[in-house]
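Chemist: I would like the atomic coordinates for the input below:
(chains A and B)
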Amino acid sequence: MELMTLEAGVEHTCWNASGVKMAAGMSDGSIQIYEPDKGASSDFLCTSKWKAHEGAVVKLVWGPQEYGDLLACCSRDGTMSVWEEIEDKDKEDVWSLCHRFTDIGVPVLDIAFGNCVSGLKLVAAGGDGHLRVYEASNVLELKNWQLQAEFANVTDVVEKLETVSCTAASISWRPAADAIQQPVFVVGFQTNSPQHSIAKVWEFGEAHQRWHLVAELTSPDHDYGRINHVSWAPNIGRPYELIAISSSISVSIWSMEIPSIAGRRPAVQLLGYFTDHEGGVLQAKWDMSGMTLASAGCDGLVKLWQSNLKGKWEEKSSIVGTQH
Amino acid sequence: MVDAGIIVPYQGNCNGTGSGAGAGARHENHANGHTSEYTVRHGLPGTPRIQISWGTGNLLRLSFLPSTEERQEIGKVVQVQLGQGAGDGQAGAESRRIATDSFPFFVELQSQRRQQNNETLQGGSPNNWWEYVLEYSRNISDMLGSSERPPSSDLYDTTKENKTTAAMRAIWDMLEIFYVDKSAESWFPERLVDWLVAHGPILSKTEASLSRRLIEIKRRLSIRQFPEEESDYWEGIASALAVGWFDFVVTFLRMHGSYRHDQIDKRQTENGLVEAVAVLVSMMPRLRPSLPPGSPGVAYSFKPEFAKEWERWRIQVTKLDRSAFWNECHNQKTLQGLKKLLAILQGNVEVLVKSTYHWMELLTAHYLHVRPFAIATEGLVALANTCKEYKGTHKSDELQELILAVLGDNTEVVIAECVRLFEPWMMAHMVELLTAKDSYVQNLLRKERDVQGGISLEELYRLSYAQSLASDPLTWQVAPVYLASCPGQGLGMLETLLLRLPVSDDSRLAQKALDVCRLYDLQAVGTTICRKVGVHSWKHGRIGAGIVWLQRARDKRLLSALSDQLLASVSTGSTWGHVQDFEQIQGLVDLLGTDFQATGGLSILHRYRNFKSAMQNVWDLRSKETDKQKLSAAGRQAVDCLLELFKVGITPKRFWMSILQDSVELLEWPEQVLLNAQETNTLLNCVQELKLAKLWGDVDSVDEPGSNVDRVRLALATNLGRSFLQV
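Modeler: Numbering: from 1, shown residues only, chains lettered A, B, ... in the order given. From the prediction side, this is the model:
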């Protein structure tokens, strides 16, 4: 079913958690919001549009709904902004700027909200291979953000000093269980440095009040090339976690012991490595149960992957898009 | 071992066209049976970039954005409903009907199981479990539509109804015969006859089914004077007799032209023979507990008695076959036709093969006329295969492979095929049938599997079904019923489902979700839902609703932040949007009632309201120049309210100074000293603390003009002096 037609120049689209609003980031730096037409249930209309940045929008991400309708946006102009929908003095719903991050100094490649017990966090992956974690100081007014931590996506001291340049990045938080999210995420960078190019899992240790590396998703037998996207599967009761990595070569599925339970470096295992998409994989995302993975390839196909009874992952369906 | 593909919820139905992707989309199963393909029309040239987003349940939203070379093109967003189940159109409506009608039976069976398990623990015997399942099976079968089966004189025509539902019901009823009903083992040939009456039409997709053919013959020949002259007449009767549709046979025979009054004299013998066959058919002993009212034949449920009667009846058939009256029958067509019927009654395999169209009909005919004493499963599948070879012209399809697997007790194939052919509804419900009496199948479906995240197949199918229910806003409320019966991951999925509901601006939906949370003891999720609605309401100008929902969430931190904002808007004259004046806060506090104080976080608002009201009272009394004592009492009351505000941890520092400024009038009370030394010292300490906070750069403090601070300090010092003097 066709939901909507998008204007020319859309760079990125993103649905909110309940799937009723979609945000589109444009090449001219503006943001559009699409919502269901109140009159006809199946049609979506553009209800808001505003210029958010001078440069093209790279990524858009919705905040947790406990904070209202909240959007974060990073742009090619090297800035990042947080927006929220509120009612203004004229009793109209408007999108208003909460905060603009202008002092990062490097391009921001991806951003992701984490709704942790300690508060709302926003992780930004910079073009310098660094991760910056910001925290909102007020739960209701999201105007003040403090830099909680900044660290390079490596642990080796020598590598920390290395100058890297990244062209893309992807962050995925470990999805919340029981409505509470642990401060753990996986990140992958597209970079010129091999050590920086590995997808890594970071966790915030309450004891030492710092982010530490939990796991590296690598396998000696399989090289996943340049990472395009990482996605952490929702876990509704599995004794292990699942993470999917989409790259210029493959889509791969990894299992990992649950970090906080393991108490040491959790064991990581490659469960599936598929090169079925010609030209690489742009994105792979998990369904609400974490049982099905949908991957979108450069070949214009979408493939659905599931595990069979022997635990082997395989393709179950594909979706072919046609012009006519 | 069960083959791959067993868990797939995203497969087609048996007629090959899914309602899946909606308008402009096609869904096909691949011949190899392991993958299926959806086709979506996006209308973009070249190879577009695709961005994926999963909705609730099995909804997949795909954004097709123009490729780098085609930047000027528009993009499209398409929604694909994977698998079957909820959706638009007729198929969606039928799925919803099935979903809402079937869950009460599922719930009842689960509660019976719990009860039985308790009794077993207490030493009872669970050996009659299959009877509960049988009742469940019949309820579901009726629900699927078989209760609408018309009286047996009219053969059932399912051409107009939903083919998927018809196929599901057919398989369901067959599973009941072979997996549930222990009593059916002794009379399963008759069960096959009943099954064929109800479900014959689904056997062949393209060719006319036997029942449709017979209806057509009946319609055409009933207006003829001498239908026996038509070869269709005899072929129709022979087919109906072969598969056991005796009511049809008797009705047809009595349409014979020799019954016409003007014919009797000339065709007396012929008529006698026709009637003799009709009577023999009407008297045929049948091994079954009972017959539908008006059906020909005599039912015997006790096998030895049936055997005796059947032998006796067979002798009569043979006797008629060898009778001399045949020589007096001059109508060759009648002679041949009746002889053919007798051959069928005597179990002549050659005639049976000729009189049936489908292998399933031949199989039924064989059991009915050749092996009426057979016990279920005894060489059944071998015979079915032989029948299939005889009727080799029929193209075998997936449904027939599934029927063969059921007949052959090949449970793994049954499961794999049902997963592939039907909606997740089928697997979630039919597991109960499969596991009713067979311990091997129980082990297969109930064993927890590490590779599936520690859950059993039974649970997996329920989760898949619940996920498909979650795709539709009209059926999500049924999903918790199934998730509650999943011990491993059910609650996890229920939490995910509830957290994805669009509750923010829909308080009715939020209330429904909260009811579910309460029922399944999901407190944390309930709190999150309240918080979502509260914050959304607050940010969209519905302040009262926002506070009420946040109170329900018992989120002290948010409530504090919220009261801060409210207070700032009136006490410091900030330009914050929603509340312009004190009256609004006053109204709000009154509206929220006494519970308001208990929640915490908001108590400052309550105290601030009391203080402001007391001050207002003082001003009112003073303007009226009333009794001084009364005025002082009002002043003292205001002081008490003021001191309440300055208790530890109540009011944030940034509001202190503005409140103290409001209280200068109390400190400079002309008639008497209202605050004693100790109380004044408390307030002086606060001023001191505020000064220190400012020195340390405390973020919570605000800059006040020096003159304001001085005025407060002076008032406090004067009051302290006066209080000493008064002592």
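
Chemist: contact residues of the stretch 51-200 of chain B facing chain A?
Modeler: Residues of the stretch 51-200 of chain B found near chain A (Cβ under 8 Å from any Cβ of the partner chain) are B:51-66, B:71-82, B:88. For glycine as for every other residue, the C-beta is placed from the backbone atoms N, C-alpha and C.

Chemist: just the buried ones from the residues you listed, in PyMOL syntax?
Modeler: Burial among these is assessed by 16 or more other Cβ atoms under 10 Å in any protein chain shown; the matching PyMOL selection reads:
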select buried, chain B and resi 51+52+53+54+55+56+57+58+59+60+61+62+63+64+65+66+73+74+75+76+77+78+79+80+81+82
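
Chemist: in helices, which of the residues of the stretch 51-200 of chain B next to chain A fall?
Modeler: In helices, defined here by DSSP state H, there are no members of those.

Chemist: where exactly do the strands run in the stretch 101-250 of chain A?
Modeler: Secondary structure of the stretch 101-250 of chain A by DSSP state E, counting those that start in this stretch: the strands cover A:108-116, A:119-126, A:130-136, A:145-152, A:166-173, A:184-191, A:199-205, A:210-217, A:227-232, A:240-247.

Chemist: can you redo those strands as TSV with distance to chain B and mean neighbour count?
Modeler: Formatted as TSV, the strands of the stretch 101-250 of chain A follow (distance: least, Cβ to the nearest Cβ, whole Å; neighbours: other Cβ atoms under 10 Å in any protein chain shown):
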stretch	distance to chain B	mean neighbour count
strand A:108-116	9	22
strand A:119-126	9	23
strand A:130-136	11	21
strand A:145-152	10	16
strand A:166-173	13	22
strand A:184-191	16	25
strand A:199-205	18	21
strand A:210-217	19	17
strand A:227-232	9	24
strand A:240-247	8	25
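
Chemist: columns distance to B:Gly337 on top of the ones you listed, output as JSON lines?
Modeler: What follows is these, written out as JSON lines (distance: least, Cβ to Cβ, whole Å):
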{"stretch": "strand A:108-116", "distance to B:Gly337": "80"}
{"stretch": "strand A:119-126", "distance to B:Gly337": "85"}
{"stretch": "strand A:130-136", "distance to B:Gly337": "88"}
{"stretch": "strand A:145-152", "distance to B:Gly337": "92"}
{"stretch": "strand A:166-173", "distance to B:Gly337": "76"}
{"stretch": "strand A:184-191", "distance to B:Gly337": "78"}
{"stretch": "strand A:199-205", "distance to B:Gly337": "79"}
{"stretch": "strand A:210-217", "distance to B:Gly337": "77"}
{"stretch": "strand A:227-232", "distance to B:Gly337": "71"}
{"stretch": "strand A:240-247", "distance to B:Gly337": "68"}
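
Chemist: and these as TSV, adding mean pLDDT?
Modeler: TSV is the format used below for the strands of the stretch 101-250 of chain A (pLDDT from 0 to 100):
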stretch	mean pLDDT
strand A:108-116	92
strand A:119-126	92
strand A:130-136	92
strand A:145-152	90
strand A:166-173	92
strand A:184-191	91
strand A:199-205	91
strand A:210-217	90
strand A:227-232	94
strand A:240-247	94
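
Chemist: compare those and report which one is nearest to B:Gly92.
Modeler: Of all the strands of the stretch 101-250 of chain A, strand A:227-232 sits nearest to B:Gly92, with 29.3 Å by Cβ to Cβ.

Chemist: adjacent strands (with direction) for the closest one?
Modeler: Strand A:227-232 has the following strand partners under DSSP bridges: strand A:240-247 (antiparallel).
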